[in-house]
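>>> coordinates only, sequence not included:
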């Protein structure tokens, strides 16, 4: 499903976005959603009271809740937990919902997932298996919060960027396409969740197109900090398609 900007409508069939997880990604998407006119229901593992500062910053369109309450409050839910915590998602409350998955696999000593290491599954297929009653769409995983805010543009703008998405349910993919449009981005559908590896870490489409070439000689922590703080570089839909097509599947997860 590749949708040209001229065919998109700048609306979404929900006025509320549920957000489970309020780290950099969750908070960044919340800021952009509020700026775009959506209400957001924020939640984390530490309790609604810990979100008072973020809610105050975001204003009257934001409120805090538990993860189960955030899932019940919206038909479209961003699950922005670390992948290692995906089994904390409220499965029963997410049944029937469209769940946006921005999680990426980051193996570490003492925690690996053999099915991901062997490329038998993508990380989003793993999430879909856990929340089997929901419709998972991989999106908002390959761009940083700074670039999400920098690069949003009105529909039809000549420098509008595109973001990839992948999902098994066409209607859910359309919902997320509409959301991305409201947030200020075109969408490029890469296919099913089995194809979502094309925009995961260690592929040409992950992060770096939206920030440009980093300085040479950076350590890994310095590189991560540079990417997080770099101003956004526009990436049109045609470039997203080309980069996805050029991807070659290697070992899953961050390989720095």
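Looks like it arrived, so ask away. None of the values given here were measured: they were computed from a predicted structure.

>>> And stretch 140-157, what's buried?
140-153, 155 (16 or more other C-beta atoms under 10 Å). Glycine gets a C-beta too; all of them are placed from N, C-alpha and C.

>>> just checking, which of the residues you listed belong to helices?
145, 146, 147, 148, 149, 150, 151 (DSSP state H).

>>> which one among the residues you listed gets closest to residue 226?
Nearest to residue 226, judged by C-beta to C-beta, of those is residue 146 at 10.9 Å.

>>> residues contacting the closest one?
28, 228, 229, 230, 231, 232 (C-beta atoms under 8 Å, 6 or more residues apart in numbering).

>>> From the residues you listed, which land in helices?
Using DSSP H, the subset of the contacts of residue 146 located in helices is 28, 228, 229.

>>> Now flag whichever of those residues is closest to residue 119.
residue 228 (27.8 Å).

>>> what's the neighbour count on residue 168?
Counted with other C-beta atoms under 10 Å, residues neighbouring residue 168 total 17.

>>> Actually, residue 125.
Other residues close to residue 125 by other C-beta under 10 Å number 22.

>>> Provide the contact partners of stretch 43-63 at residue level.
By C-beta under 8 Å, 6+ apart, the surrounding residues in contact with stretch 43-63 are 18-22, 26-27, 30-31, 34, 37-42, 64-67, 69-70, 81, 85, 88.

>>> how close does the spatially closest residue to residue 28 that is not a sequence neighbour get to residue 52?
Using C-beta to C-beta, 6 or more residues apart in numbering and skipping residues adjacent in sequence, the residue nearest residue 28 is residue 145, 2.6 Å away. Distance check for residue 145 against residue 52: by C-beta to C-beta, to the nearest Å, it reads 20 Å.

>>> coming back round to it: now the ones in helices among the buried residues of stretch 140-157 in JSON lines, with pLDDT?
Putting those into JSON lines (pLDDT from 0 to 100) gives the following:
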{"residue": "145", "pLDDT": "93"}
{"residue": "146", "pLDDT": "95"}
{"residue": "147", "pLDDT": "96"}
{"residue": "148", "pLDDT": "96"}
{"residue": "149", "pLDDT": "95"}
{"residue": "150", "pLDDT": "96"}
{"residue": "151", "pLDDT": "97"}
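
>>> Including distance to residue 176, could the residues you listed go into a markdown table?
Formatted as a markdown table, those follow (distance: C-beta to C-beta, whole Å):
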| residue | distance to residue 176 |
| --- | --- |
| 145 | 18 |
| 146 | 21 |
| 147 | 18 |
| 148 | 14 |
| 149 | 19 |
| 150 | 21 |
| 151 | 17 |
